[in-house]
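> Structure for this input, please:
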Amino acid sequence: MSVTNPARSSRPLQTAWIGGVCAGLADQLGWSVLVLRLVFVVLGAFALVGVLLYLVLWLVMPEQSDGPSAPGLESHSRTGMRSVADPNLSAVDVGVAVALGLVGFGLLWLVEASGWGLNTDALLAGVLGSVGLGLIWWQADRVSFEPAPEASGWRRVAAAVLAHWTSVLAVLVGIIALIGAVTVVVTRTEGVTEMGQLLLAIGVGALALLLAVSPWLLRARRSLARARQLAILADARADMAAHLHDSVLQTLALIQRQAADPKKVSALARRQERELRQWLYGEEPASGSLVEALTEEMLDVETDHGVDVELVSVGDTELTAELDAVVRAAGEAMVNAAKHSGSDRIDLYCEVDADLISVYIRDRGVGFDLAGITEDRMGVRGSIIERMKRTGGRAIIKTAPGEGTEIRLELPR
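Numbers count the residues shown, from 1 in each chain. This is a model prediction of the structure:
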């Protein structure tokens, strides 16, 4: 079952009328963008609630970033071989916008006339502040005042300003509207001393300034976060490329040179598969640990005898002299299975508990008669059973002809 991350709302500036909030919410919720715009207009007529909500969402919702495109799409768009959405408003959009504006103005007049709305001073300050912030934020979304590369000094800044003089004019009008809103709040607030008016002017002015520059601050923050993500991805790609070059590509070259030896090719492929799985899904065992020693024994058996050994470990511990004996016994058990079982796969399982260390070696081969082991069979008796007894542990062998073999090595801690 695949897991998908929930989509995050963003503002598509290509289809936006003002800030793209309604278009972004429509894409996220699957609603009609016209219905959402009408909802904001109606809410805006009641104490400017819709306007305040729109401004908050404008700040919270990031711009919609361009996703990765297939090779050739950009060139086809430039040469006219691929249609591109027109960012300008169509005649229908202009008509709908005018109609919504008239509806909003009529509702606002009706609410104010009925006495349900704001007083005149609060309404004037709210309208001026909203218009000022809207103009400034609208330009912040669409224009980046980058200096001209061919100029230098103040000429670079002047060239950038002249290239976007309409945007500069809109920002100036927005600043004037914000100053007007601050002036209305300060001068029309009753019961405040001169010192109180001064402090109020400083506080409201600072708040207006912070709101005005907040889009650039948020853009800088998002740009830094994006840069960090790109750096992490670049490091991951570089690490993966280096690992593939040092391991997989080298192994493929060895396989190509030794293609005439199927046994060697199979051993190289198994070793590389294990290393790649370990690198992708798990951590390497600690140096000088039990799991590391078992891994080395397992790889030797795979290389020397051409069988596939699958290791699963639960827990790990530092390798001691007693555990080294367990590793050697496990290695002898794997060698016996590779030589005599007739199976092409051996399972190796290691479990480290608080009071017991267990190692299991299992094959699904021909098995053997445990009672028929003679005294001269040093592989089973001397290298496995007796070795475990000398270290204070034990070896338990379960086998029967035709049923495979399971050897359990146990060592108390």
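
> low pLDDT regions in this protein?
1-8, 65-92, 143-164, 282-287, 372-379 (pLDDT under 70).

> Against Ala220, how distant is the spatially most central residue of it?
Nearest residue to the geometric centre of the chain (Cα atoms, centre = their mean): Gln229, 8.2 Å. From Gln229 across to Ala220, the span is 15 Å (Cβ to Cβ, to the nearest Å). C-beta coordinates here come from the backbone N, C-alpha and C atoms, glycine included.

> all helices for the stretch 301-413 of the chain, in order.
For the stretch 301-413 of the chain, the helices defined by DSSP state H, counting those that start in this stretch occupy 321-340, 387-390.

> Now tabulate these in a markdown table and tack on distance to Leu254 and mean neighbour count.
Output for the helices of the stretch 301-413 of the chain, formatted as a markdown table (distance: least, Cβ to Cβ, whole Å; neighbours: other Cβ atoms under 10 Å):
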| stretch | distance to Leu254 | mean neighbour count |
| --- | --- | --- |
| helix 321-340 | 22 | 20 |
| helix 387-390 | 35 | 16 |
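
> I'd like the ones you listed as CSV, with distance to Val307 appended.
Shown next, in CSV, are the helices of the stretch 301-413 of the chain (distance: least, Cβ to Cβ, whole Å):
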stretch, distance to Val307
helix 321-340, 5
helix 387-390, 22
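
> so which of those helices gets nearest Ile176?
helix 321-340 (80.4 Å; Cβ to Cβ).

> then that closest one to CSV, C-alphas only?
C-alpha atoms of helix 321-340 as CSV (Å, rounded to 0.1, in the frame of the first residue of the first chain):
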residue,chain,number,x,y,z
ALA,A,321,36.6,-15.1,23.1
GLU,A,322,33.5,-17.2,24.0
LEU,A,323,31.5,-15.6,21.2
ASP,A,324,34.3,-16.1,18.8
ALA,A,325,34.0,-19.8,19.5
VAL,A,326,30.2,-19.5,18.7
VAL,A,327,31.0,-17.8,15.4
ARG,A,328,33.5,-20.5,14.5
ALA,A,329,30.9,-23.2,15.3
ALA,A,330,28.3,-21.4,13.2
GLY,A,331,30.8,-21.2,10.4
GLU,A,332,31.4,-24.9,10.5
ALA,A,333,27.6,-25.5,10.6
MET,A,334,27.2,-23.4,7.4
VAL,A,335,30.1,-25.1,5.7
ASN,A,336,28.6,-28.6,6.5
ALA,A,337,25.2,-27.4,5.1
ALA,A,338,26.8,-26.0,2.0
LYS,A,339,28.7,-29.2,1.4
HIS,A,340,26.3,-32.0,2.3
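
> Which residues does that helix contact?
290, 293-294, 297-298, 300-301, 304-307, 309, 317, 319, 343, 346, 348, 357, 359, 361, 363, 365-366, 368, 379-380, 383-384, 387-388, 390-393, 395, 405, 407, 409, 411 (Cβ atoms under 8 Å, 6 or more residues apart in numbering).

> Mark which of those residues are buried, thanks.
290, 293-294, 297-298, 301, 305, 307, 309, 319, 343, 346, 348, 357, 359, 361, 363, 365-366, 368, 380, 383-384, 387-388, 391, 393, 395, 405, 407, 409, 411 (16 or more other Cβ atoms under 10 Å).

> Tell me which other helices or strands the longest helix along the chain touches.
For the chain, the helix with the greatest residue count under DSSP state H is helix 194-243. Judged by 3 or more Cβ pairs under 8 Å, 6 or more residues apart in numbering; DSSP states H and E, the packing partners of helix 194-243 are helix 49-60, helix 120-142, helix 165-187.

> which one of these has the most crowded surroundings?
helix 120-142 (a mean of 19; mean count of other Cβ atoms under 10 Å).

> Also compute the angle for that one relative to helix 194-243, please.
20 degrees (axes from the mean of the first three to the mean of the last three Cα atoms, to 10 degrees).

> Select from the contacts of helix 321-340 every entry located in strands.
Taking DSSP state E, the ones among those that sit in strands are Val309, Ile346, Leu348, Ile357, Val359, Ile361, Asp363, Ala395, Thr405, Ile407, Leu409, Leu411.

> Including distance to Ile255, could those go into JSON lines?
Listed next are the ones in strands among the contacts of helix 321-340 as JSON lines, based on distance: Cβ to Cβ, whole Å:
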{"residue": "Val309", "distance to Ile255": "20"}
{"residue": "Ile346", "distance to Ile255": "23"}
{"residue": "Leu348", "distance to Ile255": "25"}
{"residue": "Ile357", "distance to Ile255": "37"}
{"residue": "Val359", "distance to Ile255": "32"}
{"residue": "Ile361", "distance to Ile255": "29"}
{"residue": "Asp363", "distance to Ile255": "27"}
{"residue": "Ala395", "distance to Ile255": "38"}
{"residue": "Thr405", "distance to Ile255": "32"}
{"residue": "Ile407", "distance to Ile255": "33"}
{"residue": "Leu409", "distance to Ile255": "35"}
{"residue": "Leu411", "distance to Ile255": "39"}
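
> and which of these is nearest Val192?
Val192 has its nearest neighbour among the ones in strands among the contacts of helix 321-340 in Ile357, at 79.4 Å by Cβ to Cβ.

> how about Leu59, what does it touch?
Ser214, Pro215, Leu218.

> And for the first one, the neighbour number?
It refers to Ser214. Neighbour count of Ser214, defined by other Cβ atoms under 10 Å: 16.

> Could you do the one 4 residues further on as well?
Using other Cβ under 10 Å, Leu218 has 15 neighbouring residues.

> now Leu108
Quick note: Leu108 (other Cβ under 10 Å) scores 20 neighbours.

> Can you pull the phi/psi pair for Ala260?
phi -80, psi -10 (degrees, to the nearest 10).

> how close does it sit to Asp308?
From Ala260 to Asp308 the distance is 21 Å (Cβ to Cβ).

> repeat for Val168
Val168 is 71 Å from Asp308, where distance means Cβ to Cβ.

> for Gly117, same thing?
79 Å.

> Mind splitting this protein into its structural domains?
Dividing the chain into domains by automatic domain parsing, as the record does, gives the ranges 13-61+92-233, 283-412.

> Tabulate those domains in a markdown table, adding columns for distance to Arg277.
Compiled in a markdown table, those are given as follows (distance: least, Cβ to Cβ, whole Å):
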| stretch | distance to Arg277 |
| --- | --- |
| domain 13-61+92-233 | 22 |
| domain 283-412 | 10 |
